[in-house]
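Chemist: Have a look at this fold, sequence not included:
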């Protein structure tokens, strides 16, 4: 893990891990609320799933993502892709729920403010993803240059 990734990975990872742990003990009403929000936004994926099962799957998914963000051995590209995807699903829910936005369909209503901020998760995930890809490409270029130099030691 690159030292510059530590703040963003710890902040997002700890928050998402805690959220997932909290959902493990979701009661029936909470499970129905979570499932209803997901099923109305992504019906093809969640419409037929039992609310309590959905809450457990969501909890374990958040725990896995939070852990991946906190684990230094997980590459930035993997952690960033997971975070960007998770954030994008929340932003999708925000944009597809009319009561969360004002008439323009973009700016948040009072109800949507809590979810609209999840756009930051997308930005943080894309930052980790692009920095991980750039670092990997730079590392491959250095390795290629070094192997060429070793293969032809007498050329300048």
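Modeler: Okay, I see it. Quick caveat: nothing in here was measured; it's all calculated off a predicted structure.

Chemist: Does the helix ranked longest in the chain pack against any helices or strands, and if so which?
Modeler: The longest helix of the chain (DSSP state H) is helix 119-151. Packed against helix 119-151, as judged by 3 or more CB pairs under 8 Å, 6 or more residues apart in numbering; DSSP states H and E, are the following elements: helix 6-23, helix 76-96. C-beta here means a position set from N, CA and C on the backbone, and glycine is covered the same way.

Chemist: got TSV for those helices, with mean pLDDT too?
Modeler: Below are these laid out as TSV (pLDDT from 0 to 100):
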stretch	mean pLDDT
helix 6-23	96
helix 76-96	94
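
Chemist: quick one: stretch 62-77 to chain centroid distance?
Modeler: Stretch 62-77 has its average C-alpha position 10 Å from the chain's average C-alpha position, going by CA atoms, centre = their mean, to the nearest Å.

Chemist: Would you mind pulling the contact partners of it?
Modeler: 1-2, 5, 9-10, 12-21, 23-24, 78-79, 82-83, 86, 128-129, 131-133, 135-136 (CB atoms under 8 Å, 6 or more residues apart in numbering).

Chemist: what about it, how long is it end to end?
Modeler: End-to-end distance for stretch 62-77: 18 Å, by CA to CA, to the nearest Å.

Chemist: going forward can the numbers begin at 258, since that is how I track them
Modeler: Let's use 258 as the start, then, which means that last one is stretch 319-334.

Chemist: Which of the residues in that stretch are classified as buried?
Modeler: If you call a residue buried by 16 or more other CB atoms under 10 Å, then stretch 319-334 has these buried ones: 319-320, 322-323, 325-327, 331-334.

Chemist: And for stretch 269-280?
Modeler: By neighbour count on 16+ other CB under 10 Å, the buried set for stretch 269-280 is 269-270, 273-274, 277, 280.

Chemist: Turn those residues into JSON lines, including distance to residue 408.
Modeler: Rendered in JSON lines, the data for the buried residues of stretch 269-280 read as follows (distance: CB to CB, whole Å):
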{"residue": "269", "distance to residue 408": "43"}
{"residue": "270", "distance to residue 408": "42"}
{"residue": "273", "distance to residue 408": "46"}
{"residue": "274", "distance to residue 408": "47"}
{"residue": "277", "distance to residue 408": "49"}
{"residue": "280", "distance to residue 408": "55"}
